[in-house]
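> what's the 3D shape of this:
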Amino acid sequence: MSVKRTLPGSLCLLIALTASANEELFERAANAALEGDLVQMQQTYEAILEAESGNVRALNGKATAQAWRGNYFAAIETYRQSLAIEPENLEALVGIGYTFAWSNDFSYAQASFDRALALRPDNYEAQKGSAYVALWSGDAETARSRFTELSVTSGMNPEISVALGQAHLQLGESKGAYTAFDQALQLDPDTPAAAAGRVAALNAAPKLEAAAWYGSTSNADSGLRLVEVGWWAGRDTRLSARYDDSLSLDNPAIVRRGESARTYLAGVNHAVNDTLAVSFEAGVRQLPDGDQSLYRAEAVLNNLPGKVTLGAQIGDHELGYSDRLYQVGIGIPFAERWQVESNNYFSTVGADRDDEWRSVLNFLYAADSGWTAMVGAGIGEVDRGGLEDPENVRVAHAMLSMPVFGYHRLHLVLRNEDLPGNSVNVAMLGFTFRMPR
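All right, here's what the predicted structure looks like:
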């Protein structure tokens, strides 16, 4: 009789000691997760499972650590072990749903979240996971609807605000995106994704933009140098009309003589996909000795290790000669907000074949607040048809662009060109009015 009374007491003591040890390990795993030590987190849960292989809480913890470490297939298998023991375990259903989503298996992810919501329709994590599936799979309209509903039923927080902003951005709704990202920063100013998203919303394609530049040149009168109006026929297509009276690289002979060269252009820019954008412009330039027809084409390759720009311009003069300009540019990001660009220009101007090349190196900086700065310098050479020895060209410039009044921008450009027999200093101030979608 005494033995029978002793055994249950010993068993209870063993269970209590095991539970206490497990709680200690669970606490250690939680602390490792908070410290970002995912290896220690996973190893601690595995230590619990060595003593109790069917511990669902430990299985879910191990699977979470595996998923956070990017071992998605291993995490899915561990979650399935948990669900084999408890098919209706909400933590496992939500966890495996996120893991499927992170591995781009969106149909299985949605099915997992649907199972969790069928068991508990008000489960916040499952509702949020379902909204993320829509966002990450590219169904931005559904994502916007789900995150908006979450913000109403569960209250707005920085994470939901950022996700809602990202859905607006995918839809091309820059105004809604800016509002959502700005709200996230008001809730928590230390939200890098919100700061970056707000800048992206400010720079996103608007419905309409209009720019005007006023400039002063050392060897020409000051006045209105450039006016441009751009309208987006769609998210990927921009139509433009431009008046340009600035001295520029596309006719360096004009720059050297300090003459006016009013140009009128119409153009279209189209983003073919996430990698390729192309543009075309056509118009007329009024030169001192007559009019010239201009045709420009440019292709920009993005989403590479850097950005590559290829451009060409043909100018047919009514006197029978042609100008040619070719451009090759490479932009490479470095550090967090810096980019270095190398731009090379080759031109042939006039009936006398006034050849020139220039190579320019630019450094660009983009700040969290949306302002950008650039400084650059370059060298070149002018060959006047072989009539004399080639002469050197030196250029230097600086640019500052900043957001003002929300979506609009203010620009300042300073430039010096040290040319054969002439030195040109240019200062231009510009303002861009942008109407967000």
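> Report how many residues lie close to residue 51.
Neighbours of residue 51 under the rule other Cβ atoms under 10 Å: 12. Every C-beta, even on glycine, is put in place using the N, C-alpha and C of the backbone.
> what separates it from residue 45, distance-wise?
Distance from residue 51 to residue 45, counting by Cβ to Cβ, to the nearest Å: 11 Å.
> And residue 287, by the same measure?
76 Å.
> now residue 266
64 Å.
> hmm, back to that, more neighbours: residue 287 and residue 45, which one.
Shown here are residue 287 and residue 45; by other Cβ under 10 Å, residue 45 has more neighbours (28 against 22).
> Mind listing residues that contact the helix or strand encompassing that one?
Applying DSSP states H and E as the criterion places residue 45 in helix 38-51. Residues outside helix 38-51 that contact it (Cβ atoms under 8 Å, 6 or more residues apart in numbering) are 18, 22, 25-26, 28-29, 32-33, 55, 58-59, 61-62, 65-66, 68-69.
> And that helix, what's buried?
The neighbour-count check on helix 38-51 (16 or more other Cβ atoms under 10 Å) flags 38, 40-42, 44-45, 48-49 as buried.
> nearest to residue 190, of those residues?
residue 38 (22.6 Å; Cβ to Cβ).
> now the helix or strand following the helix holding residue 45: mean pLDDT?
Heading C-terminal from helix 38-51, the first helix or strand you meet, by DSSP H and E, is helix 56-68. Regarding helix 56-68, the rounded mean pLDDT is 88.
> other SSEs contacting helix 56-68?
helix 2-35, helix 38-51, helix 72-85, helix 90-102 (3 or more Cβ pairs under 8 Å, 6 or more residues apart in numbering; DSSP states H and E).
> The third one packs against which elements?
Counting contacts by 3+ Cβ pairs under 8 Å, 6+ apart, the secondary-structure elements packed against helix 72-85 are helix 56-68, helix 90-102.
> Pipe those into CSV and attach distance to residue 182 and mean neighbour count per row.
Formatted as CSV, the helices and strands packed on helix 72-85 follow (distance: least, Cβ to Cβ, whole Å; neighbours: other Cβ atoms under 10 Å):
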stretch, distance to residue 182, mean neighbour count
helix 56-68, 30, 23
helix 90-102, 27, 24
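> Same list (those) but as a markdown table, adding distance to residue 366.
Listed next are those as a markdown table, based on distance: least, Cβ to Cβ, whole Å:
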| stretch | distance to residue 366 |
| --- | --- |
| helix 56-68 | 30 |
| helix 90-102 | 28 |
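> give me the beta-bridge partners of residue 316?
Beta-bridge pairing for residue 316 (DSSP bridges): residue 293, residue 322.
> And it, how far from residue 265?
Separation of residue 316 from residue 265 (Cβ to Cβ) stands at 15 Å.
> and these two? which has more neighbours close in?
Higher neighbour count among residue 316 and residue 265: residue 265, with 18 against 14, using other Cβ under 10 Å.
> pretty sure that one contacts residue 295?
No: Residue 265 is not in contact with residue 295 according to Cβ atoms under 8 Å; the separation is 9.8 Å.
> shared neighbours, the two?
Joint contacts of residue 265 and residue 295 (Cβ under 8 Å, 6+ apart) are 281-282.
> Closest one of the buried residues of helix 38-51 to residue 381?
residue 38 (57.0 Å).
> Pull up the per-residue confidence for the closest one.
Here, the pLDDT recorded for residue 38 equals 85.
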